[in-house]
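Novice: Pasting a predicted model and its sequence here:
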Amino acid sequence: MHNDRYSTQSNGSGLDDDSSSFLENSRYSGVRFRGLRTRADSGFRPFGKPKIGSTDQLSSKYESLDYDQVENWVYLKEERKTGLKSSRILRIELARWVVMLLIGMITAMIATIIDVCINLIADWKYGLVGEYLETHKEGSLISKPFFIWLAIDVGLVSIAAILTAYLEPVAAGSGVPQIKCYLNGVKVPRVVRVKTLLCKVIGVIFSVSGGLAVGKEGPMIHSGSVVAAGISQGRSTTFKMDLKMFQYFREDHEKRDFVSGGAAAGVAAAFGAPVGGVLFSLEEGASFWNQSLTWRIFFASMTSTFTLNVLLSYYHGTPWSLSSPGLVNFGQFANQSYYGYEIPIFFLMGVIGGLLGAVFNAINYRLTVYRIKFVHQRFLCVLEAAVVASFTMATAFLSIYFSKDCRPIVSTIKHPIQLFCDDGQYSASANLFFSLPEESVKSLFHKDAGTYEVTTLVVFFIIYFLLACWTYGISVPSGLFIPSLLAGAAWGRMFGIFLHSIFPDDFKLSELGIYALIGAAAQLGGVIRMTISLTVILIEATGNITYGLPLMVVLMIAKWIGDIFNHGLYDIHIQLMRVPLLAWQPPPMSTTIRAMEVMSHPVTTLNVVEKVGNIMDVLSDPTTNHNGFPVVDPHEQESFGTFRGLILRSQLIVLLQHKAFSMWPVVQDPRVLLGIEDFRDAYPRYPDINDLNISEVEMECTIDLRPFMNPSPYTVQKDASLPRIFRLFRALGLRHLVVTDKSSEVIGIVTRKDLARYRYTSRGGRVTIQELDIVDG
């Protein structure tokens, strides 16, 4: 349903007169009326059918994270003990820094393993295939290196695809959209599991080594996040191992902060950009930020960069040289400068990058929709990856075979391929196709003028641009940064060659490497639409602050131009996943929408002292899969009751699991006294309600919910506006927001999906507030 919220007559509260007067005079006896829908974490019943490829729907399967602290009696009891022991506060704060240290070090170790393994496999592959190309290039003999190269690439990529499709599908892609959702407050299933990490690391090694148009940088962000989620909990539920460490951090609030640090450490390890990592977590991920968290995340990023530097220095045989701060090394731009009058030229390159990025995203969107429709069985996912690997290898081989661009061999060429060139020469096309993507990027940045013919660059750009579009989204771990940078560097260098050819020799222009860098930034900015963090990442990766201005300008223009046509690629994939992501700001012009229109209604409530049987019935009911329940005083049938607090499904399950209820219905105090450690031990995988063994006698017992409920959750009055609710929800990281009337009686509840379904759109010059459908699945 897509409603223009301002095309209806309203009484100022956002509801029509009949509905408003009904709310004022009735006792809200479960009646459903215009503007109110039951949904989300409070018990949503989906409506509407899923439309494959639609970006205007939200899925009911996603739950929210609890960033808000539940200040119940159990929590306050522990806090009172803490207040008497200042040493405990210091230990907890010290533990946060220790966890960040471990996150940075382990993320760097994983990055080192990935880099070393990829280099070893790639050196073996290119060495073997290169040898056969030199010795079997006449007539039909050329088929032998072709099929050897094909078999190696298909075999490596198939391993990555099998791991992803059959073991952990969430490990596919870069993982950045999923981590962005997690940090926004959405619980994406299995995204931070150890099994996901193993499939991600092994898969990215084989997918990059297999010659696909992918990078290893995006998966590093996901890997760092998984490391952070695991280390901070001091245990692994996958391996059923509990070290009894960091138990205080076993809650969504703390875990989410550490995942922010893990994402930043992943960026720092990938690009050698610790400051860029911090800004990435701020710009693309974390919804909640404070000064102490900033310092800890920066510490994790610096640790990651330094540890990776040290480990790679030993691998390269130059211990402690500290010349490899990240997996991507763009080389030194020390002697390359630009001129102020070239800024307008860079503006134009930003426009081109935005247009090409919009085309890239549009093509990839349609390919992704096709995959959702037809490529959903596991063997088809593996088959598609093998087909993409075959086509990638075949196009690279044919480009090298038919290329006549020969250059004198220099010592910096790692795997020179002579093929049909004269002695002492190598194929320039092979230098681009027959090497790792990072090496190709560095070559386009730093090779002298005349290294590549325009024809070679045109062919390479078209092929690689289309291959990158096709590859991103298949069932292998794959990064988007390097393919975008490589395609952009190719057309950027072409653009520089064109300028040098039309201007006279005495007119000073920057070297071709500068244009390649600006083109790479424009292409990447046009695809993913990042500005601040990407500028800093590229500045740190190039090691030259003087490029800050042109990079920032180009990235901003590329984003502005691209946003005219579509969203960034990460956002498109998030919308295709139907994730209820909350934007930074509420929709403009939504002030007339009131809480009564936004909230879910009717609401399932529990009494302060409730029968076990009633709790079991509520939790077992599949039609009301609630995750939060307002707790009320005993009330008459025609009302929901006076609001006393809020209790979560997970808390109720722990209470039932430990049988924290009286043996006799007349006794209200629980025989089993639970502490906060009991709730932390159950986090995050709580047992299913159907797995609990509750006898008929126990069904008649009661539970006093007052010690365990949150007695002071955030609430709003029914006339509160959507922007006010949105800012409260977003700033505090809420999962539930109870709506009450003037008598403090519950009338509804607001959750993430209730807010995310309102989306601001501007089409054809007309501004509307679009109301999205929420579907099952």
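Specialist: Nice, thanks for sending it over. Numbers count the residues shown, from 1 in each chain.
Novice: For stretch 300-307, which outside residues touch it?
Specialist: 100-101, 103-105, 107-109, 111, 224, 228, 261-262, 264-269, 272-275, 277-278, 322, 325-326 (Cβ atoms under 8 Å, 6 or more residues apart in numbering). C-beta here means a position set from N, CA and C on the backbone, and glycine is covered the same way.
Novice: Give me the subset of these lying in helices.
Specialist: Judged by DSSP state H, the contacts of stretch 300-307 include 100-101, 103-105, 107-109, 111, 224, 228, 261-262, 264-269, 274-275, 277-278 as members of helices.
Novice: How many residues are close by the residue nearest to residue 156 when sequence neighbours are not counted?
Specialist: Excluding the flanking residues, the one nearest residue 156 by Cβ to Cβ, 6 or more residues apart in numbering is residue 210, at 3.5 Å. Burial of residue 210, expressed as a neighbour count using other Cβ atoms under 10 Å, amounts to 28.
Novice: Might one say that residue 210 is in contact with residue 150?
Specialist: No - with contact defined as Cβ atoms under 8 Å, residue 210 does not count as touching residue 150 (10.7 Å).
Novice: Tell me how far the residue nearest to residue 156 lies from residue 152.
Specialist: Per Cβ to Cβ, to the nearest Å, residue 210 is found 8 Å from residue 152.
Novice: and the helix or strand harbouring residue 769, which strands flank it?
Specialist: For residue 769, the host element (DSSP states H and E) is strand 766-771. With DSSP bridges as the test, strand 766-771 is paired with strand 758-763 (antiparallel).
Novice: mean confidence score for the strand it pairs with?
Specialist: The pLDDT scores in strand 758-763 average 78.
Novice: And stretch 382-398, what's buried?
Specialist: Buried positions in stretch 382-398, judged by neighbour count with 16 or more other Cβ atoms under 10 Å: 382, 383, 384, 385, 386, 388, 389, 392, 393, 395, 396, 397.
Novice: Would you double-check that the second one falls in a helix?
Specialist: Which is residue 383. Yes - using DSSP: H, G, I helix; E, B strand; the rest coil, the assignment for residue 383 is a helix.
Novice: what residues are up against it?
Specialist: No contacts exist for residue 383 under Cβ under 8 Å, 6+ apart.
Novice: To what extent is residue 196 buried, counted in neighbours?
Specialist: Counted with other Cβ under 10 Å, residue 196 comes out at 26.
Novice: wait, is residue 407 part of a strand?
Specialist: Yes - assignment of residue 407 by three-state DSSP places it within a strand.
Novice: Chain neighbours aside, what residue packs nearest to residue 754?
Specialist: Residue nearest to residue 754 in three dimensions, not counting chain neighbours: residue 598, with 5.1 Å by Cβ to Cβ, 6+ apart.
Novice: before we move on, the earlier item: buried subset of the contacts of stretch 300-307?
Specialist: 100-101, 103-105, 107-109, 111, 224, 228, 261-262, 264-269, 272-275, 277-278, 325-326.
Novice: Residue 367 in helix, strand or coil?
Specialist: Recorded secondary structure, residue 367: helix (three-state DSSP).
Novice: Verify the stated contact: it with residue 473.
Specialist: Yes - using Cβ under 8 Å, residue 367 makes contact with residue 473 at a distance of 6.3 Å.
Novice: who's more crowded, the two?
Specialist: Ranked by neighbour count (other Cβ under 10 Å), residue 367 and residue 473 place residue 473 first, with 24 against 17.
Novice: burial of the residue nearest to residue 66 when sequence neighbours are not counted, as a residue count?
Specialist: Leaving aside its chain neighbours, residue 66 sits nearest to residue 252 (4.6 Å; criterion: Cβ to Cβ, 6+ apart). Close neighbours of residue 252, defined as other Cβ under 10 Å, add up to 19.
Novice: Backbone torsions only: list them for residue 252.
Specialist: Torsion angles at residue 252 (phi, psi; degrees, to the nearest 10) stand at phi -60, psi -40.
Novice: what does residue 610 give?
Specialist: Dihedral angles (degrees, to the nearest 10) for residue 610: phi -120, psi 150.
Novice: gap between the two ends of stretch 188-200?
Specialist: 16 Å (Cα to Cα, to the nearest Å).
Novice: tell me the average confidence for it?
Specialist: Per-region confidence: stretch 188-200 scores 94 on mean pLDDT.
Novice: so where's the stretch 301-450 of the chain shaky on pLDDT?
Specialist: 334, 411-412 (pLDDT under 70).
Novice: check contacts around the nearest residue to residue 69 once chain neighbours are set aside.
Specialist: Using Cβ to Cβ, 6+ apart and skipping the chain neighbours, the partner closest in space to residue 69 is residue 253 (6.2 Å). By Cβ under 8 Å, 6+ apart, the residues touching residue 253 are 66, 67, 68, 69, 733.
Novice: who does the helix or strand hosting residue 127 touch, helix- and strand-wise?
Specialist: Per DSSP H and E: residue 127 is located in helix 86-135. Applying 3 or more Cβ pairs under 8 Å, 6 or more residues apart in numbering; DSSP states H and E, we find helix 86-135 packed against helix 73-83, helix 143-162, helix 194-209, helix 217-231, helix 252-271, helix 291-315.
Novice: Can you get me a residue count around residue 776?
Specialist: Neighbours of residue 776 (other Cβ under 10 Å): 13.
Novice: Kindly report the same for residue 728.
Specialist: If we define neighbours as other Cβ under 10 Å, then residue 728 has 16 of them.
Novice: Residue numbering should commence at 616 henceforth.
Specialist: With the count now opening at 616, the last piece we talked about shows up as residue 1343.
Novice: Can you list the buried residues in stretch 841-848?
Specialist: Result for stretch 841-848 [16+ other Cβ under 10 Å]: buried residues 841, 842, 843, 844, 845, 846, 847, 848.
Novice: and those as TSV, adding distance to residue 1164?
Specialist: Formatted as TSV, the buried residues of stretch 841-848 follow (distance: Cβ to Cβ, whole Å):
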residue	distance to residue 1164
841	36
842	35
843	34
844	38
845	41
846	39
847	39
848	43
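Novice: Of those, which is the nearest to residue 854?
Specialist: Nearest to residue 854 among the buried residues of stretch 841-848: residue 845, at 10.1 Å, using Cβ to Cβ.
Novice: Am I right that the closest one is in contact with residue 810?
Specialist: No - contact between residue 845 and residue 810 fails when scored by Cβ under 8 Å: they sit 10.9 Å apart.
Novice: overlap in contacts of those two?
Specialist: Going by Cβ under 8 Å, 6+ apart, no residue sits against residue 845 while also sitting against residue 810.
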